[in-house]
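Colleague: Quick check, what structure comes out for this input:
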Amino acid sequence: MATAITKHPRGLYVLFGTEMWERFGFYTVNGMLALYVRDATQGFGFTNAQSATLSSWYLGFVYFTPLLGGFIADRFLGFRRSIMLGGLFFAAGYSLLAVPHSLALFYLALVLLVVGNGLFKPNVSSMVGNLYPEGSPLKDKAYLIFYMGINVGAFLAPLIAEFIQPRWGFNIAFLAGAIGMVFALVIFGLNQRHVRHADTPRDRARNDVRRKAASASRRDPAAVAVTEDLPPVLNERARAMQAVPEWKRIMALLVIFAIVIVFWMIFHQNSITLTFWANDHTAWNVTGILSNAINPMWIILLSLPLAAFWSWLDRKGLEPSTPAKMMIGMLLTAASFTILYFAAITGGFEGPAFEVAEVSGDQAMVHISPEAREHLGITVLPTARSEEGDDLWAVPVPRGMAAEAGDFVRLDSGPGEPLVVGPTRDVSPWWLILAYGVLSLGELMLSPMGLALVSKVAPIRMRGLMMGGWFAATAIGNKLTAIGKYWDLWSHSSFFIILAAMAGAMAVLLFVLLKPLKKAMPGV
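Modeller: Numbering: from 1, shown residues only. Down below sits the predicted model:
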């Protein structure tokens, strides 16, 4: 009989430190990527649309490759070797990002980061569960501690990057990610004795079967032949789930996947358009990099109180089902972007916004991206060129409106008309902080159940396929963050309210399907 674990093993804290520093590196890049590639001096002068498209491809691949990385670890390398190899890919990628003015090396760096994430991310999470015997009451708390490490790393990364980037530039700030990854590898590499037993689950399962078979043979020799073929003992909830026809459970999961796609498409605007908003239109003396610390800050502050709240409701028999929580999460997501809609209205962003390059007398010279010119039907020829070689358009500054280089003006004219602009102003950072607070609460309603929900609901014979569906839905949602390319083409207020409407539509869909989903997923 295995000895029951009564306290968390040291391996948990090894994995906590490893994941914290790995996420530090990941979110260092994530918080700066969109701003870096559009920077004409340090980066590559991408337009906002190009930056959003690139970021969406990167995020899509980042969230798809863990499916492949988990397979490679399970079949070939094991968890520990996969983690070490993934960490080396990470460190190499971050180091290449420190090389300035080389687009080829930049793309190579992103490929290395995608591969590294695929090998690292799923396997370090799997090792946490393997530290504990099945049914251990400490496992849920262990994951809570582990995920707190993720958010500590995600919180620290933008703070450090915000300190480094204004002083020494993007490339040196990327190097901080490499240093964080080295810390992760050192922590993991020097403490193998604490995590060795949590490696590849297949070998552990085989050994458990052999031990059980040997024990059974001593009690009843006839038991040996059937030990590996016996179905698992089902508890009451599992029996209720098994009683539901498979097609109903699959359809329920497909609905969940659709919700997940829309949620991640909206949520991960945080590293693209919300970073642009924080950088360009928020009244504070920092860059948009720092805004990426707001979400993990809220997650750290809200996680334990929310868990306590669910426990309190559970004791009273009032805890909502998982589909109901997801519906609330999508409503909160819609509310957060509605808050940003009002922030945009307050700042005067009811039309597409263009940056002022310089002002001469009663005329302002503005940047208009090629995508914006095509989408908005702007046929007026440019009147000047900036020092960086960008085309500029002269627009009259309305009487009483103050404008200077770095400000943004709102386009008030229609397609084919002479360019007419109106004023905008930066808004209080409290709009963004409040919106992130609501969005983070919505995330906690949706994200944590993830694979656990799929594993409970999916038919056993299709569990692997449905797990793959979850990863695919997450990757698709992140690829669809490319909707950020419309940031310059629509008004900012329209952009925010459209995303809010999408989240609201998913909430309505869940509300309509709530009863069928509860019947298809009893007990979750």
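Colleague: Under the pLDDT cut-off, which ranges of the stretch 201-350 of the chain? List them.
Modeller: Across the stretch 201-350 of the chain, the ranges flagged by pLDDT under 70 are 201-238, 241.
Colleague: same thing with the chain?
Modeller: Short version for the chain, where the test is pLDDT under 70: 1-5, 134-135, 140, 200-238, 241, 449-452, 455, 463-464, 523-524.
Colleague: Break it into its domains for me.
Modeller: For the chain, automatic domain parsing gives the domain ranges 9-199, 202-230, 240-348+426-524, 353-423.
Colleague: Those domains into TSV, with extra columns for mean neighbour count?
Modeller: (C-beta placed from N, C-alpha, C; glycine too.) TSV is the format used below for these (neighbours: other CB atoms under 10 Å):
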stretch	mean neighbour count
domain 9-199	20
domain 202-230	11
domain 240-348+426-524	19
domain 353-423	15
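Colleague: Name the strands paired with the lengthiest strand in the chain and say parallel or antiparallel.
Modeller: In the chain, ranked by residue count with DSSP state E as the criterion, the top strand is strand 353-360. According to DSSP bridges, strand 353-360 forms sheet pairs with strand 363-366 (antiparallel), strand 408-411 (antiparallel).
Colleague: All the strands of the protein, in order from the start?
Modeller: 353-360, 363-366, 384-385, 391-396, 408-411, 421-423.
Colleague: Pipe the ones you listed into CSV and attach distance to residue 280 per row.
Modeller: As requested, the strands of the chain are arranged in CSV below (distance: least, CB to CB, whole Å):
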stretch, distance to residue 280
strand 353-360, 7
strand 363-366, 13
strand 384-385, 22
strand 391-396, 18
strand 408-411, 6
strand 421-423, 15
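Colleague: distance of the closest residue to residue 402 other than its chain neighbours from residue 279?
Modeller: Distances taken as CB to CB, 6 or more residues apart in numbering put residue 423 closest to residue 402, at 7.9 Å, once the chain neighbours are dropped. From residue 423 over to residue 279 the distance is 19 Å, taken as CB to CB, to the nearest Å.
Colleague: what does residue 272 give?
Modeller: In terms of CB to CB, residue 272 sits 11 Å off from residue 279.
Colleague: which residues sit in contact with the residue minimising distance to the centre of the chain?
Modeller: Geometric centre of the chain, nearest residue: residue 268, 5.4 Å, by CA atoms, centre = their mean. Residue 268 sits next to 59, 477, 478, 481 when contact means CB atoms under 8 Å, 6 or more residues apart in numbering.
Colleague: these two touch, right, the last one and residue 55?
Modeller: Yes - with contact taken as CB atoms under 8 Å, residue 481 and residue 55 are classed as touching, separated by 6.7 Å.
Colleague: what sits in contact with each of the two?
Modeller: residue 272.
Colleague: residues in contact with residue 271?
Modeller: For residue 271, the contacting residues are 30, 31, 33, 34, 55, 59, 292, by CB under 8 Å, 6+ apart.
Colleague: Nearest to residue 163 among the residues you listed?
Modeller: Relative to residue 163, the closest of the contacts of residue 271 is residue 31; by CB to CB it sits at 12.3 Å.
Colleague: Relative to residue 88, how far out is the closest one?
Modeller: Distance from residue 31 to residue 88, by CB to CB: 23 Å.
Colleague: Skipping adjacent residues, who's closest to residue 175 in space?
Modeller: residue 98 (4.2 Å).
Colleague: Quick check: phi and psi at the one you found.
Modeller: Here is the backbone geometry of residue 98 (degrees, to the nearest 10): phi -80, psi -10.
Colleague: all numbers from here: first residue = 7
Modeller: In the new numbering, first residue 7, that becomes residue 104.
Colleague: I'd like to know which of the contacts of residue 274 is nearest to residue 362.
Modeller: Of the contacts of residue 274, the one sitting nearest to residue 362 (CB to CB) turns out to be residue 487, at 27.8 Å.
Colleague: Which residue ranges of the stretch 57-206 of the chain form helices?
Modeller: For the stretch 57-206 of the chain, the helices defined by DSSP state H, counting those that start in this stretch occupy 85-103, 109-136, 144-174, 176-195.
Colleague: how much does the longest one deviate in direction from helix 109-136?
Modeller: With axes from the mean of the first three to the mean of the last three CA atoms, to 10 degrees as the criterion, the two stretches helix 144-174 and helix 109-136 enclose an angle of 160 degrees.
Colleague: What helices and strands are in contact with helix 144-174?
Modeller: helix 16-44, helix 109-136, helix 176-195, helix 300-321 (3 or more CB pairs under 8 Å, 6 or more residues apart in numbering; DSSP states H and E).
Colleague: now that helix and helix 176-195, what's the angle there?
Modeller: Using the same axes, to 10 degrees: helix 144-174 against helix 176-195 is 150 degrees.
Colleague: before we move on, what about the first one?
Modeller: Helix 85-103 runs at 160 degrees relative to helix 176-195, counting by the same axes, to 10 degrees.
Colleague: Pull the distance from helix 85-103 to the chain's centre.
Modeller: Mean-position distance between helix 85-103 and its chain equals 20 Å (CA atoms, centre = their mean, to the nearest Å).
Colleague: Give me the residues contacting stretch 360-379.
Modeller: Residues contacting stretch 360-379 (CB under 8 Å, 6+ apart): 53-55, 286, 358, 384, 389-390, 392, 396-403, 409-415, 417, 427, 491, 494-495.
Colleague: Using CSV, write out the CA atom coordinates for it.
Modeller: Only the C-alpha atoms of stretch 360-379 are listed here, as CSV (Å, rounded to 0.1, in the frame of the first residue of the first chain):
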residue,chain,number,x,y,z
PHE,A,360,-4.2,58.5,-36.7
GLU,A,361,-0.9,59.6,-35.1
VAL,A,362,0.4,63.1,-35.6
ALA,A,363,4.0,63.1,-36.9
GLU,A,364,4.5,66.9,-36.8
VAL,A,365,2.6,70.2,-36.7
SER,A,366,3.2,73.2,-38.9
GLY,A,367,1.0,76.2,-38.3
ASP,A,368,-2.6,75.2,-38.7
GLN,A,369,-1.7,71.9,-40.4
ALA,A,370,-0.9,68.6,-38.9
MET,A,371,1.0,65.8,-40.7
VAL,A,372,-0.4,62.4,-39.9
HIS,A,373,0.5,58.8,-40.5
ILE,A,374,-2.2,56.7,-42.3
SER,A,375,-1.4,53.1,-42.8
PRO,A,376,-1.9,51.4,-46.2
GLU,A,377,-4.5,49.1,-44.7
ALA,A,378,-6.4,52.2,-43.4
ARG,A,379,-6.2,54.0,-46.7
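Colleague: And it, how far out from the chain middle?
Modeller: For stretch 360-379 - counting by CA atoms, centre = their mean - the centre lies 33 Å from the chain centre.
Colleague: Residue 205 contacts residue 136, doesn't it?
Modeller: Yes - if you go by CB under 8 Å, residue 205 and residue 136 touch, sitting 7.5 Å apart.
Colleague: follow-up on the earlier one: bridged to the residue nearest to residue 408, which residues?
Modeller: residue 415.
Colleague: can you tell me which residues contact it?
Modeller: 354, 404, 407, 408, 409, 415, 416.
Colleague: Among those, which one sits closest to residue 46?
Modeller: residue 415 (19.3 Å).
Colleague: And the closest residue to residue 286 other than its chain neighbours, how far from residue 55?
Modeller: Leaving out its chain neighbours, the residue that sits closest to residue 286 by CB to CB, 6+ apart is residue 414, at 6.4 Å. From residue 414 over to residue 55 the distance is 16 Å, taken as CB to CB.
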